[in-house]
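>>> Predicted model and sequence below, questions to follow.
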Amino acid sequence: MKEEKVILVNEKDEPIGLMPKMEAHEKALLHRAFSVFVMNAKGETMLQQRAKDKYHSPLLWTNTCCSHQREGESNIDAGKRRLMEEMGFTTDLKELFNFVYKAPFDNGLTEHEFDHVMVGYFEEEPNINPDEVADWKWMQPEDVKKDIAENPNEYTEWFKIIFERFYDHLMENTPAQ
């Protein structure tokens, strides 16, 4: 199987080249990525538990799906593609915000990403791909925030970084009761 390439970018998210995914993570080079949060009408967020055979962060909980855009692929199209590949469904997505983060792992790899955070809405059960996802669940954002504080080692590094920003966005955009 041909190794996936990531889009290397500068701090303005301007493409500066392509590189095999593993090499970019070994060299900690900034590259384009996306993170999808799917919510339901109850305000819950769908979390996934990464499959046990993932090359980093196996069996940790994270956002609904995340990955890297392919050359020539829009952020939204990439999010929809990966949502189908990992969770077995698709839905309309909207980009909320983007930011740069860097998260090193014990195995020598580093996520250094210009991350585009998107949200979508879905009411049904996913049809998870067991090669990508071990389990899934719906959680209220305030429960996620509390659980991350109490059990930080059960969540991916990037999710802990992204969720704080996503939670703040939710609180800013929730109508007053």
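In hand now; what should we look at? Residues are numbered from 1 along each chain as shown.

>>> So in the chain, where's the weakest helix or strand by average pLDDT?
Here the helix or strand of the chain ranked lowest by mean pLDDT, DSSP states H and E is helix 157-172, holding a mean of 82.

>>> CA-only coordinates of it in CSV, if you can.
Extracted C-alpha coordinates of helix 157-172, given in CSV (Å, rounded to 0.1, in the frame of the first residue of the first chain):
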residue,chain,number,x,y,z
GLU,A,157,-2.8,14.5,23.5
TRP,A,158,-4.3,16.5,20.6
PHE,A,159,-7.8,15.9,21.8
LYS,A,160,-7.0,17.5,25.2
ILE,A,161,-5.6,20.5,23.4
ILE,A,162,-8.4,20.8,20.8
PHE,A,163,-11.2,20.1,23.2
GLU,A,164,-10.5,23.1,25.4
ARG,A,165,-10.8,25.3,22.3
PHE,A,166,-13.9,23.4,21.0
TYR,A,167,-15.5,23.7,24.5
ASP,A,168,-14.9,27.4,24.6
HIS,A,169,-16.4,27.7,21.1
LEU,A,170,-19.5,25.7,22.2
MET,A,171,-20.0,27.9,25.3
GLU,A,172,-19.7,31.1,23.2
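
>>> Show me what counts as buried in it.
Neighbour counts over helix 157-172 (16 or more other Cβ atoms under 10 Å) mark Glu157, Trp158, Phe159, Ile161, Ile162, Phe163, Arg165, Phe166, Tyr167, Leu170 as buried. Every C-beta, even on glycine, is put in place using the N, C-alpha and C of the backbone.

>>> What of stretch 35-50?
Under the neighbour-count criterion of 16+ other Cβ under 10 Å, stretch 35-50 has Ser35, Val36, Phe37, Val38, Met39, Glu44, Thr45, Met46, Leu47, Gln48, Gln49, Arg50 buried.

>>> And for stretch 122-137?
Neighbour-count burial for stretch 122-137 [16+ other Cβ under 10 Å]: Phe122, Pro126, Ile128, Glu132, Val133, Ala134, Trp136.

>>> how long is it end to end?
Stretch 122-137 has an end-to-end distance of 13 Å (criterion: Cα to Cα, to the nearest Å).
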